Structure formats: structure tokens, C-alpha cells
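Enquirer: Quick one, structure for this:
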Amino acid sequence: MELRHLRRFIVLAEELHFTRAAERLHIEQSPLSRSIKELEDELGVALFKRDRSGTSLTPAGEVYLLNLRRVFDSLDQAAVSAKAAAAGYRGMLRIAVSDGAAEPRLATLLAHCREEDPEVEIHLFDVPLAEQLRGLREGVFDAGFAHSCDTGNDIVAGFVWSDPLVVVMAARHPLLVRAQIPLDKLLRYPLVMGHPYECEGYLQQIVKLLSEVNAEPIVVGQASSLGMALTLVAAGYGLCFVTASQIGMYGHPDVVARELQMPQGEAKLMTYLLYPRTGVSEPLSRFIKRIQPRGSDNTQFL
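Expert: Alright, predicted model coming up:
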């Protein structure tokens, strides 16, 4: 199995049209078709369905595409890490982002970094929490953002900001008669939760939140992305917890948000900056200091 075959598969999966895919790859259509056939023969499964209506991915093809994209993300990450190692990691920060923690404040922070520290090149990697923690321990990443502080003694978890949690539901849901939704009333309805691997830190906080009520949640689905969660909510599968800022970023016309009414205090999703306890580089030290003044009064590093 060759990388070029895999790259050709990804392009065809994105275009779902042999002619357009061949043009993107700057090759003839026949070598593209031959590469796909060789790949399917080696795997022993059909990746594409071809009929008069066009080309589409089979279920096997959809799963293969999802996993291949992760493989190529890892390859890109490896290339960046190799270049950083060759340069002695000078002038570069490799920042992992997990649990959907790439919110507007992160974009603002990065813009300030580019303005105030332009000689430092920052690379972002969207990875699950388990992969971020492994990468921090193995020197693959310099730091990361996540919704978990359960990191062990060798990794610092500094609280940087929090966002109010709201509950979203389909536009026709009976709970919309309320301006605020009590948690015990909410748990009478099915929930769309985060995927335990892709959204591990987020899920940890939601499970802790739900433990305040003596009721077992009815989980009807697990979404690996906010877009998928909102799609399920809009279709009426269940309710979902998101932050107020996420609703602003990913507004959905068929989804409505309501505030949560908690037994005590306000429901919030916490975001943490993670980094190894030892070996903090000068660029990372400046990055950390740049975060602290921009946070609220409760910004602190553990």
C-alpha cells in the first residue's frame, strides 16, 4: 500500500467525481481508477459505489476516510516535529487542542501572539485528549488546551477561562415554554452526549454536572463533533449541552438554546492549558504569561 494511493483515495472521496479528482491530482483518470482498484483489492472491500447517478462512498469507504484523515494529520504532525527537532525547537510552539476547546478566545490569543511575538511560529493540532496527554509526555507537543484537568502529576493543568453552559433543543421541543430549564426536568428527556474518546474532557465535566441530580440520564447518541451533535438535536433525537460561545459560532436555524437552572451556582465548562511540568521553553513561558493577564480574576495556574 503506497501513500499516493491513499492520497488519491482521499481526493476522490472529497470530489466524488473521477474527472475532477484527476484534475486536482494532475494525473489522468486511468491511473486514478487503477490506484483505487488496487487499494480496494488490497483491502478486500469496495470503497466506492459507482452507478448511473454518480460516485459515492460505501459505508466501508466512509469509515476508511475518517481514519485515513487521522493518519495524515499524524504524518503532518510528525513532519512539523521533525523540523522543530532539527531546529532545536527554537522559535516554534506545537499546541494541541482537544475537546472542541478552539473557541473565540483562543483565536484572539493567537492573534496577539502573532502580533507581539512574530518570530515564534505556532502550529495547532486538533487531537483527542488521550493523544494530547501522550504527546505532551513524549515531547510531541509543547502545550495544549482541553476541558480536563485530570492529567497526572507530570503535567500542569492551568485553568484559563470558563464559559456558561446552555442546553440546546429542537425548535419544537416542549421545554421551550421555559426560559430556564431545571436540571431534573431536563433529565426526563433523551440526551445527545459527547463521544467518550473524541470529547473526553467535555464529557467528564458534563457527567459531573449531571451527578448533582439523582437521576440516570437517557443517552440516545454520542457525537464526536459539535456539528454532528446539533444535527441530531435539530432532528429531534435529544437535548445537548453546549457553551454560549459555541452557539454563537455554530448557530443552527432549527436549534434553540435555553439557560440551565442549577441547584447551586451556574453551570460552566472549564478550559485548561496543559503543559509538561519540566522543560518549559522560553517561547512557551512567554505564551503562558501572555494568557494570564488576559484572563478573568479566576485565571490561575495550578
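Enquirer: quick one: average confidence on the longest strand seen in the chain?
Expert: Using DSSP state E to define each element, the chain has its longest strand at strand 155-170. Per-residue pLDDT over strand 155-170 has a mean of 93.
Enquirer: same question, stretch 263-278
Expert: Averaging pLDDT along stretch 263-278 yields 90.
Enquirer: Just the terminal-to-terminal distance for it.
Expert: In stretch 263-278, first residue to last residue: 40 Å (C-alpha to C-alpha, to the nearest Å).
Enquirer: got the buried residues for that stretch?
Expert: The neighbour-count check on stretch 263-278 (16 or more other C-beta atoms under 10 Å) flags 267, 268, 269, 270, 271, 272, 273, 274, 275, 276 as buried. Where C-beta positions appear, they are placed from N, C-alpha and C, glycine not excepted.
Enquirer: chain center to that stretch, what's the gap?
Expert: 17 Å (C-alpha atoms, centre = their mean, to the nearest Å).
Enquirer: contacting residues for the residue positioned nearest the centre of the chain?
Expert: Nearest to the mean C-alpha position of the chain, by C-alpha atoms, centre = their mean, lies residue 100 at 3.9 Å. Applying C-beta atoms under 8 Å, 6 or more residues apart in numbering to residue 100 gives the contacts 147, 199, 202, 225, 226, 246.
Enquirer: from those, which is closest to residue 66?
Expert: Residue 66 lies nearest to residue 225 out of the contacts of residue 100, by C-beta to C-beta, at 11.2 Å.
Enquirer: gap between the host helix or strand of residue 133 and the chain center?
Expert: Here residue 133, judged by DSSP states H and E, is contained in helix 129-138. Offset of helix 129-138 from its chain centre (C-alpha atoms, centre = their mean): 15 Å.
Enquirer: Which positions within it qualify as buried?
Expert: The neighbour-count check on helix 129-138 (16+ other C-beta under 10 Å) flags 129, 131, 132, 133, 135, 136 as buried.
Enquirer: Which strands or helices does it pack on?
Expert: When contacts are defined as 3 or more C-beta pairs under 8 Å, 6 or more residues apart in numbering; DSSP states H and E, helix 129-138 packs onto strand 92-97, strand 143-146, strand 155-170, helix 200-210, strand 268-276.
Enquirer: which one of these lies closest to residue 256?
Expert: It's strand 155-170; of those, that one is closest to residue 256 (C-beta to C-beta) at 6.1 Å.
Enquirer: Give the buried residues for the helix or strand just after that closest one.
Expert: The first helix or strand that comes after strand 155-170 along the chain, using DSSP H and E, is strand 180-182. For strand 180-182, the neighbour count (16+ other C-beta under 10 Å) marks residue 181 as buried.
Enquirer: tell me what strand 180-182 is packed against?
Expert: Helices and strands touching strand 180-182, by 3+ C-beta pairs under 8 Å, 6+ apart, are strand 255-261.
Enquirer: For residue 113, grab the count of nearby residues.
Expert: Residue 113 is flanked by 19 other residues according to other C-beta atoms under 10 Å.
Enquirer: tell me the contacts of it?
Expert: The contact partners of residue 113, by C-beta under 8 Å, 6+ apart, come to 120, 122, 287, 290.
Enquirer: got it, and residue 204?
Expert: 147, 148, 150.
Enquirer: Between those residues, which sits nearest residue 164?
Expert: residue 147 (14.0 Å).
Enquirer: just checking, the closest one touches residue 201?
Expert: Yes: if you go by C-beta atoms under 8 Å, residue 147 and residue 201 touch, sitting 3.5 Å apart.
Enquirer: Find residues that contact each of those two.
Expert: 98, 99, 101.
Enquirer: so which one among the residues you listed has the lowest pLDDT?
Expert: For those, the pLDDT minimum is residue 101, 80.
Enquirer: contacting residues around the closest residue to it other than its chain neighbours?
Expert: Spatial nearest neighbour of residue 101, excluding adjacent residues (C-beta to C-beta, 6 or more residues apart in numbering): residue 145 at 4.2 Å. Counting by C-beta under 8 Å, 6+ apart, residue 145 touches 95, 96, 97, 98, 101, 102, 106, 160, 271, 272, 273, 274.
Enquirer: quick check, distance from the longest helix anywhere in the chain to the centre of its chain.
Expert: Criterion DSSP state H: the longest helix present in the chain is helix 59-86. The chain centroid and the centroid of helix 59-86 are separated by 15 Å under C-alpha atoms, centre = their mean.
Enquirer: now it against strand 92-97, angle please.
Expert: Following axes from the mean of the first three to the mean of the last three C-alpha atoms, to 10 degrees, one obtains 150 degrees for the angle between helix 59-86 and strand 92-97.
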